[in-house]
Structure formats: C-alpha cells, structure tokens
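> Curious how this folds, go ahead:
(chains A and B)
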Amino acid sequence: MLSKIRKKYGRYWQLYVFLILPVIYFAIFQYWPMFGLQIAFKKFTITKGIWGSPWVGLKYFRKFFTAYQFRNVLTNTLTLSFYSLLASFPFPILFALILNTVEHQRSKKLVQTITYMPHFISVVVLVGIMMQIFHPMIGLYGHVMKNLTGTMPGDLFAKPEAFPHLYVWSGVWQNFGYNSIIYIAALTSVPAELHEAAQVDGASRFQRVVHVDFPALLPTVTIMLILRMGHIMSIGFEKTYLMQNSLNLSRSEIISTFVYKIGLGSGASNDYSYSTAIGMFNSVVNLLLITSVNWISRRVSENSLW
Amino acid sequence: MTNTGLSRKNRVRRSADDRIFYAVSYVILGFLTLIVLYPLIYILSCSFSSANAVSTGKVVLWPVEPSVLGYQTVFENRNVWVGYRNTVLYTVLGTFINVSMTLICAYPLARKKLPHKGFFTFLISFTMLFNGGMIPTYLVMRDLKLLNSLWAMVLPGAIGVSQMIVARTFIINTLPEELLEATQIDGCNDFQFFFRFVLPLSKAVIAVIAMQYAIVHWNSYFNAFIYLSDSKKYPLQIFLREILVMSNIDTSDIADPETAIAMQGLADLLKYSLIVVATAPILCVYPFIQKYFVKGIMMGSLKG
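Numbering: from 1, shown residues only, chains lettered A, B, ... in the order given. All right, here's what the predicted structure looks like:
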C-alpha cells in the first residue's frame, strides 16, 4: 500500500512543493471568500462573525428583488452591457479587415501603434480626459458648441440620458485598436494561395475581403462572442463608479456600484449581508450564462471554451 | 497571346475597382487614427499652454502662449510625488510576486504526468468563472489584518489565471519532456531543472506576462480604493481620481494664486498637465514593448 503511494507520487513530490504557494494563494484569496458567501443567507454582525451569525434564509435576496431600485439597477446593467456589446464588438473586426488590406508595412505599423495606445491609459485618466474634453465651459466640447449655437451647452455628465453613450463610445475609442490584435493575427494566417486563386478568378480586393478574409475570421469571432456573452452581467465597477454622480444616477447605477454602496460606501449603515446577497445574485447569473452559452456553442459549432 | 491580353485587360479593370476600394479604406483608417490621436494631442497641447488660453478655448491643435506653469504646479504638489513613489513600489514588488507565483504554478501543471493535474487545473480555472465578490473578499482581507497595508496591494490577484495558462502553454511547447528526461539521467532534480532550464528558456514569456502585470498594477485603483485608508499609502491613481474626477485640489499646494479666477484657470491647467504626467511613462515606453503585448495575445489565443 505504502509502496504503491510512493511509486505513484515519489517521483513528483518536488512538483507538489512548487504548487504549495499557489494552492495557498487560491485557497486564501479565492476559495475562502466563497465560504464567506454564506453571509448572504445570514444576518451578519461583526461581533458574531461569519460562523456565529444567525441564518435568515433568502431574506436579503427577497429584499433585493422587492427593492424599489431593483428594476432600475437591473435595467441599467443590462442596457449598458448590451449597448456595449453591440457597439464595441463589430468595430475591431471591421478595423482588422480594413487594416489587413494595407500593403505599405510602415503605415500599417504606425496605424497599429497609434490605435493600440489608448488601451494603456488607466480608467481614472480616461474619465479625467472625458471630463476635461466634455467640460461645458472650458472643454473642447463646450467651445465647439458655443461657437456653433452661441450658448454654452449643458453638462453631459449631468444628463442621465447621455451616460450610456459616453460610457460605451469612450470604451470603443479606448479599445477598438487593441481588441483588433487577435483578428489581425488570424488574418495573417490566411494562406496566400486562397488570395491568389481568388485573384485569378477576377475577384476585386473588396470581394476578397468578403469571401476570403471574413470567413477566415469566423472561428475567432465565435469564440470572442461566447466570451463576451458570458460576461454580459459583469460590467465593470471602476469606470461606471468614476463617471457616476448624483445627477446621472438614474441611468448610471448598476449592480456592481449598488453592491459597493450598500456594503462599503455608506459608512455606519453598511449592510454586509445585503450587499453580499446582491453580489452573489450577479455572480450566479454570470456563471449560469457562461456555462449555458458555452454548452450551446459546443452543440451548434465546434467552438467552445472548455 | 490572347490569354495574356485577356488577363491584362482584367487587371486594368480590377485596378480601377480596387483603386476606389483602397482609397475608401485609407480614408477610413486615416479618420480612425485621427479620432484616436486628436484628443491625446489636444490634452498635450493644453498642458503646455497658459491657463488663460486653456480656459478661453484658444487651444485647437498646438500649444497657445506656451508655458510650463501647469507642470510646475503638478510637481509642487506633494501628493503627486507620494503617489508616484507608492505606485512604483506597488508595481515593482507586485509584478515580481505575480511573475514568481505564476511560474511556480505553471511549471508543475505543464508536466504531462503530474498525478491529479486535472484537479488542480479545475481548481484554478474555476476562479475565472466564479468568485466570492466584494464583501466576502473584503472580510477575508480584514480577518488577515491586511487592510491598509502594502500587502493588500500586491497579494490579491497574485496569479492571473490567463497569464498562468499562457506561461504553461509556453513551457509545454518550448521544453519537451525529452529534455527533462535527459537531464534526469544526469541526476538533475526538478528544482535544478526549473532554475537552470525553465527560467532561462522562458525569458520571452516572462517578459510578456511581466508587462501585462505591470500595466495592471500601474493603472489599478480598485484595490487601493477599497483596502487603503491612509493617504500616505495611496497610489497615484487614487490621487488622480481626487484631482481629475472629484476636482478636489489641495489649494495650499498651489503656488501663490493671485485671484480666485486665476486659481480656477490654474486648476484646469493642472489637470491637463497631470494627465500627461500620469500617462507619459506608459505611452513613451509602450511603442518599444508593443510587440510583447501582441505576442501575449497570440500566445493566449492558442489552445493549450
């Protein structure tokens, strides 16, 4: 028995030594918080701790579903996600298709370097740039509108209906270049013979884009779409919170910012249990989404994440 | 020959079609490039203009009434220096921890015959799909007494799952089992193999993941925002948020403001300069390291 174990593991004990620290890391920083999720079903107080607090069942989930903010928060989260997906998904693909037709290598390189650049700007600075440029008094937007209409425009950050557009299109501006890298890479692996054959048949460059390049991109497009669909509910906290103010709150309050406000952002009235319940609702929906999208995609096509 | 005549005729007709196509695509590309570039140039030009020119909207493309007053104000601001120092510290230490942890995690998982490899891989990949969320993670940090400490900035997220997978795939592809077996015959154990062969041969992937981690540390504000309360420990991004987004400018740090209006103008100028100061290090280095990011994405897209 013992010799069997030795035979199986003896040669590999050093590999397990390598894994000790990583496993500790995942246990502490990833799995321990998952055990903490039980406070979503408990009335958590600091003095009693996670294990000592009394169970309350689904109370906090019910509280969220019946809260007056519920509909608004959920609608905002979904609108922002779907709008983001619709606007930001096609751009990198089209950009890659067009860029791929450029034969002058140095201009191609230059365009790539410039368009990838905004990706490396931090969210804080991005929102700072937007606030400066769209400032109604001193910003570029303010000056242009004043010259066109003669009056100072309203503050875009104070208009709830402008929030989704600002959020989504600044995202497109920041990431369309960088997100095209994966498609550009896929396009460079299109065999030259396909293009030559199409040319012999008299296809124009545009026809080759439509009938040679685009079909070659489809597998990559599918995978990227699965990934994006799976994350439809996990729209980021950071940028939304930075762009948020009391005036645009009716359109900018999303689940993650709501979780923060209930749990950490309201001082003495922080409600850990309620906040955890809302966050957990979001995570569970996400998990269900990505597994089902993956399952469907594996059924329909050969593309899947696992 | 009629054949060549035909194809030449075809080529002429094609090139007429194509000329329009190329013209249109160059116009689109040029337009997109300008859309990306113009706001950046505008910010840069504003930062080098006078406060008056900025607030009256005289800046269109190039600096107007050139001055470096904005930069003087930025560098006289104590918080900017504190933030810079902390950010550099968190980035260097954090990236070192990230890369070390990622490699010691990736190497065993790259070994074909490791018993229970599937279990470990699942344990790690699952964290990509599900996590405890904001409050439970916060409570763990509190129980560990990590709140408001340097470790809160460098330990969470020590191993990025996607980076780990990239490193693992790279090790599988560049270090064949035969090399390991050959060295084992010579009496080399796994530790020696890791330091003598895996590390030196993985330089390319180490560069790629180190760049990715470093950018994340440099740009992140979420962990600092949630876990830090002592402003002496704040990274640059937190101060940037206060100044750029919340417009909290510590007026005691602004050099002798003559009037309230001048101060307001200066405050706006300061924001432009601050954006440049905070972003310049990355955007200046980035063209030289661009290839690592491109490589990283391509490595990540390979199915491992």
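> List the residues that contact the residue most central in space within chain A.
The residue lying closest to the centre of chain A (CA atoms, centre = their mean) is A:I235, at 5.2 Å. Contact analysis of A:I235 by CB atoms under 8 Å, 6 or more residues apart in numbering or on different chains lists A:77, A:80-81, A:84, A:254, A:256. Where you see a C-beta, it was placed from the backbone N, CA and C, and this is true even at glycine.
> Would you list the phi and psi of it?
Main-chain dihedrals, A:I235, degrees, to the nearest 10: phi -70, psi 140.
> separation between it and B:T137?
As judged by CB to CB, to the nearest Å, A:I235 and B:T137 stand 19 Å apart.
> Ok, B:P108 next?
From B:P108 over to B:T137 (counting by CB to CB), the distance is 26 Å.
> packing partners for whichever strand or helix holds B:I172?
Using DSSP states H and E, B:I172 falls within helix B:161-174. Here helix B:161-174 touches helix B:78-110, helix B:117-129, helix B:203-219, helix B:260-301, going by 3 or more CB pairs under 8 Å, 6 or more residues apart in numbering or on different chains; DSSP states H and E.
> averaging pLDDT over each of the ones you listed, which comes out lowest?
Per-stretch mean pLDDT for the helices and strands packed on helix B:161-174 is lowest at helix B:260-301 (a mean of 79).
> So that one, near chain A or not?
Yes - using CB under 8 Å from any CB of the partner chain, helix B:260-301 reaches chain A at B:268, B:271-272, B:274-275, B:278-279, B:282-283, B:286-287, B:290, B:293-294, B:297-298, B:301.
> ok, of these, which come out buried?
B:268, B:271-272, B:274-275, B:278-279, B:282, B:286, B:290, B:293-294, B:297-298 (16 or more other CB atoms under 10 Å in any protein chain shown).
> ok, those vs A:L94, which is closest?
B:I297 (18.4 Å; CB to CB).
> Check the gap between the residue lying closest to the closest one once chain neighbours are set aside and A:P54 for me.
Take B:I297 and drop its neighbours on the chain: the residue closest to it by CB to CB, 6 or more residues apart in numbering or on different chains is A:I181, 4.9 Å away. Using CB to CB, one gets 52 Å for the distance from A:I181 to A:P54.
> Look at these two and report which has more neighbours.
A:I181 (22 against 9; other CB atoms under 10 Å in any protein chain shown).
> tally of neighbours for A:I184?
For A:I184, using other CB under 10 Å, the count is 21.
> Which residue comes closest to it once chain neighbours are left out?
Going by CB to CB, 6+ apart, A:I184 has A:A96 as its nearest residue, at 4.8 Å.
> Now do the contacts for that neighbour.
A:180, A:183-184, A:186-187, A:217.
> TSV please, covering the residues you listed and showing pLDDT.
Output for the contacts of A:A96, formatted as TSV (pLDDT from 0 to 100):
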residue	pLDDT
A:S180	91
A:Y183	90
A:I184	88
A:A186	85
A:L187	87
A:L217	87
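> OK, contacts around residue 157?
Using chain A. Applying CB under 8 Å, 6+ apart, the residues contacting A:F157 are A:131, A:134, A:163, A:166, A:243, A:245, A:247-248.
> That was the other one, I meant chain B.
A:29, B:98, B:216, B:223.
> Assign it to helix, strand or coil.
Judged by DSSP: H, G, I helix; E, B strand; the rest coil, the three-state class of B:G157 is coil.
> Run a quick neighbour tally on residue 210.
The chain I'm using is chain A. Neighbours around A:V210, by other CB under 10 Å: 12.
> my bad, chain B
With other CB under 10 Å as criterion, B:A210 counts 18.
> and if you look at the one 4 residues further on?
Burial of B:A214 is recorded as 20 neighbouring residues (other CB under 10 Å).
> Just give the closest residue to it, not the sequence neighbours.
B:T95 (4.7 Å).
> if we can go back for a sec, any chance of the contacts of A:A96 in CSV, with secondary structure too?
As requested, the contacts of A:A96 are exported to CSV (three-state DSSP):
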residue, secondary structure
A:S180, coil
A:Y183, helix
A:I184, helix
A:A186, helix
A:L187, helix
A:L217, helix
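> which residues touch A:Y16?
By CB under 8 Å, 6+ apart, the neighbours of A:Y16 are A:9, B:108.
> And the closest residue to chain A within chain B, which helix or strand is it part of?
Residue nearest to chain A within chain B (CB to the nearest CB): B:G132, separated by 2.5 Å. For B:G132, there is no helix or strand it lies in under DSSP H and E.
> List the contacts of the closest residue to it other than its chain neighbours.
Ranked by CB to CB, 6+ apart and with sequence neighbours excluded, the top spatial neighbour of B:G132 is A:P33, at 2.5 Å. By CB under 8 Å, 6+ apart, A:P33 lies in contact with B:131-133, B:136-137, B:139-140.
> Which pLDDT value goes with residue 176?
Because you didn't say which chain, this covers chain A. 92.
> hm, I was asking about chain B
Looking at B:P176, the pLDDT reads 83.
> Dihedrals phi and psi, it?
According to degrees, to the nearest 10, B:P176 has phi -70, psi 150.
> which residues does it contact?
Under the contact definition (CB under 8 Å, 6+ apart), no residues are listed for B:P176.
> Any figure for the gap between it and A:G267?
Applying CB to CB to B:P176 and A:G267 gives a distance of 59 Å.
> Skipping its backbone neighbours, what lies nearest the residue of the stretch 151-300 of chain A at minimum distance from chain B in space?
With CB to the nearest CB as the measure, A:G279 is the residue of the stretch 151-300 of chain A nearest to chain B, at 3.6 Å. Leaving aside its chain neighbours, A:G279 sits nearest to B:G133 (3.6 Å; criterion: CB to CB, 6+ apart).
> now the residue nearest to the centre of chain A: how far from B:G160?
Distance, A:I235 to B:G160, using CB to CB: 20 Å.
> can you check B:F48 too?
On the measure of CB to CB, B:F48 and B:G160 end up 38 Å apart.
> With A:V190 instead?
Using CB to CB, A:V190 is found at 31 Å from B:G160.
> next one: B:A267
Using CB to CB, B:A267 is found at 38 Å from B:G160.
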